[in-house]
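Participant: Just the structure for this:
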Amino acid sequence: MIGRLCGTLLHCEPPLLVVDVGGVGYEVEAPMSTFHDLPSTGGKVTLYTHLVVREDAHLLYGFSRDRQRRLFRSLLKVNGVGPRVALAILSGLSDEELLRCLAHEDIARLTRVPGIGRKTAERLIVELRDKVEGVLETGTDAVHPSMAPSDPVTEAVSALIALGYRPQEANRAVNSVSEEGLGSEELIRRALKDLAGLHT
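Facilitator: Model prediction:
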């Protein structure tokens, strides 16, 4: 199991980044919250990682804080939640916001995360609300100031990428429907409609 990577950031294009460790480039997928914490390309980076082994691939997921990795692992234990959905959740909600949603059974807020329907939100609450309290109490993983929400366009693009669209495709779709004053949810809705039109 690869539990941590310390090296040089070579490439950064959500949701994928590449870290050079001793001359070996590791491809890592990460939530947008981790991308907000990254240095500029060429800078030193430390990621807490989780390796998913499938028959056709070994997939490495990275997080800037161990607490977020633990949340990711907790999410994977929920029926119907795979790595892609878990990344979408951690991209759409801060650590505290996710824990708050679980504690207060805030289904409405959870379902605003792209790809999360009511049934999945209900499963998250039922299966996790009593299991993640210890994560919040960990004092070594204070949230960084850079965890502040990004602008609506960035949030919308990252949400589409988390849903499986290519970065270039997500950027084009969001920018084509972007208007001043629109929130990320409306941008996502319009971009998805635009993308659906392209594939019909």
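
Participant: quick one, longest helix in the protein?
Facilitator: helix 184-198 (DSSP state H).

Participant: Return the set of buried residues in it.
Facilitator: 184, 187-188, 190-192, 195 (16 or more other Cβ atoms under 10 Å). The C-beta positions use only the backbone N, C-alpha and C, and glycine is treated the same way.

Participant: and of these, the nearest to L76?
Facilitator: Using Cβ to Cβ, I188 comes nearest to L76 of the buried residues of helix 184-198, at 23.9 Å.

Participant: ok, so what distance separates that closest one from A103?
Facilitator: Distance from I188 to A103, counting by Cβ to Cβ, to the nearest Å: 26 Å.

Participant: go on, K44?
Facilitator: With the distance defined as Cβ to Cβ, K44 ends up 36 Å from A103.

Participant: same deal with S176?
Facilitator: Per Cβ to Cβ, S176 is found 38 Å from A103.

Participant: circling back to that earlier point, who's more crowded, K44 and A103?
Facilitator: Between K44 and A103, A103 has the larger neighbour count (other Cβ atoms under 10 Å), namely 15 against 10.

Participant: On the pLDDT front, check that one for me.
Facilitator: pLDDT for A103: 84.

Participant: for it, what are its contacts?
Facilitator: Residues counted as contacts of A103 (Cβ atoms under 8 Å, 6 or more residues apart in numbering) are R129.

Participant: Look up phi and psi at the closest residue to S64 other than its chain neighbours.
Facilitator: Once flanking residues are discounted, S64 sits nearest to D37: 4.0 Å by Cβ to Cβ, 6 or more residues apart in numbering. Phi and psi for D37, reported as degrees, to the nearest 10, are phi -90, psi -10.

Participant: go on, T46?
Facilitator: phi -120, psi 130.

Participant: go on, E13?
Facilitator: With angles defined as degrees, to the nearest 10, E13 sits at phi -150, psi 100.

Participant: Need the pLDDT of the closest residue to it other than its chain neighbours.
Facilitator: Spatially, and ignoring its direct neighbours in sequence, E13 is nearest to P167 (5.5 Å; Cβ to Cβ, 6+ apart). P167 is assigned a pLDDT of 74 by the prediction.
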